[in-house]
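J.: Sequence and computational prediction follow.
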Amino acid sequence: MYEDLTVFQKRHREKAAAMLAESFHTNPLFVYLFPDEKKRRKVLGNVYKGTVEIVSSVSDVYVTSDKVEGIFAVRRTDKASYSPALYKAIIKTGIRSILLIRDVPLIPFFKKAKKLSVVSQKMAIYKKQKPHLVIDMVAVDPACRGQKFMSRMIRAALKEADSKKTYCVLETETLENVRIYEHFGFQLSQKIEVIEGQLTVYVLIYDPFDQTSHLLNIY
């Protein structure tokens with residue numbers, strides 16, 4: 001199912017972090033957390049190195065090739081989500097983040113971050129369902145978009161979902177991405193308004209077997 005992708009290795013980390021930082025630089029979530037563009041670029045470029053490590057400890061991570069035109073992570077909820085590798089990655093990322101945001105006003109930052117807890121609360125409903133797939137990360141280098149790299153990554157996960165007769169969940173922060181995922185067969189399940197008019201999280205489900213109809217349109 002993932003034969004057309006390359007398993008993420010340590011050698012890919014620098015390229016992946018740089019690509020993710022560029023890809024998500026204007027993402028509403030990070031614009032909300034780090035309004036200053038220069039600080040946001042500096043923080044994302046470094047924090048994503050740790051983010052990839054964290055995701056790798058709980059998910060299978062792939063890149064499109066050694067050139068890292070795109071990166072993709074899929075997690076299976078029937079597998080353990082905690083491990084020594086996860087805690088190690090979290091600690092490393094935490095230390096790196098503290099050093100990077102030392103010139104960011106901390107009280108406003110933590111107040112903003114606290115508001116994001118509503119997303120975790122709303123997402124808890126999916127954890128109670130049968131084992132399924134979660135797409136934890138997917139991004140394509142802005143310079144490589146339109147070359148079907150996104151399609152290769154998403155369709156690999158959907159092929160697994162089809163073969164296991166399960167479903168797949170992901171979240172995004174832009175309506176543009178919602179339309180892209182709907183093209184692949186996802187349906188909008190939740191629209192979580194974190195900050196009115198500024199930050200909305202959209203949760204989508206791919207479920208060709210109609211196992212999650214009760215989870216659709218949970219606003």
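T.: Good, I have the coordinates.
J.: out of everything not next to it in sequence, what's closest to residue 178?
T.: Closest residue to residue 178 apart from its sequence neighbours, by C-beta to C-beta, 6 or more residues apart in numbering: residue 202 at 5.0 Å. C-beta here means a position set from N, CA and C on the backbone, and glycine is covered the same way.
J.: Checking my notes, the one you found in a helix, right?
T.: No - according to DSSP: H, G, I helix; E, B strand; the rest coil, residue 202 belongs to no helix; its state is strand.
J.: pretty sure it is touching residue 188, no?
T.: Yes - the pair formed by residue 202 and residue 188 meets the contact definition of C-beta atoms under 8 Å, at 6.2 Å.
J.: what's the overlap in contacts for those two?
T.: Residues touching both residue 202 and residue 188 (C-beta atoms under 8 Å, 6 or more residues apart in numbering): residue 178.
J.: What residues does the most centrally placed residue in the chain make contact with?
T.: The residue lying closest to the centre of the chain (C-alpha atoms, centre = their mean) is residue 137, at 3.2 Å. Contact partners of residue 137, counting by C-beta under 8 Å, 6+ apart, are 20, 52, 55, 59, 61, 71, 72, 73.
J.: So which of those sit within helices?
T.: In helices, defined here by DSSP state H, the members of those are 20, 52, 55.
J.: out of those, who has the most neighbours?
T.: Within those, most neighbours by other C-beta atoms under 10 Å means residue 52, with 24 neighbours.
J.: Residue 177: how many residues sit nearby?
T.: Neighbour tally, residue 177, other C-beta under 10 Å: 17.
J.: Bridge partners for the closest residue to it other than its chain neighbours, pull those for me.
T.: Beyond its immediate neighbours in the sequence, the residue positioned closest to residue 177 (C-beta to C-beta, 6+ apart) is residue 202, lying 7.6 Å away. Residues in a beta bridge with residue 202, per DSSP bridges, are residue 172, residue 191.
J.: Mind jotting down where the strands sit in the chain?
T.: Under the criterion DSSP state E, the chain contains strands at 6-7, 60-63, 70-76, 133-140, 168-172, 187-195, 199-206.
J.: between these, which one is nearest to residue 115?
T.: strand 187-195 (5.8 Å; C-beta to C-beta).
J.: buried set for the closest one?
T.: Neighbour-count burial for strand 187-195, counted by 16 or more other C-beta atoms under 10 Å, picks out 188, 189, 190, 192, 194.
J.: show me the contacts for the first one.
T.: Same thing as residue 188. So residue 188 contacts 178, 182, 202, 203, 204, 216, 217 (C-beta under 8 Å, 6+ apart).
J.: can we see that at 10 Å?
T.: Going by C-beta atoms under 10 Å, 6 or more residues apart in numbering, residue 188 touches 175, 178, 181, 182, 202, 203, 204, 205, 216, 217, 218, 219.
J.: And the second one, by the same measure?
T.: Applying C-beta under 10 Å, 6+ apart to residue 189 gives the contacts 122, 125-126, 169, 171, 202-205, 207, 212, 215-219.
J.: Of these, keep whichever come out buried.
T.: Looks like the contacts of residue 189 have 122, 126, 169, 171, 202, 203, 204, 205, 207, 212, 215 buried, using 16+ other C-beta under 10 Å.
J.: count of neighbours near the closest residue to residue 153 other than its chain neighbours?
T.: Closest residue to residue 153 apart from its sequence neighbours, by C-beta to C-beta, 6+ apart: residue 72 at 3.8 Å. Residue 72 is flanked by 26 other residues according to other C-beta under 10 Å.
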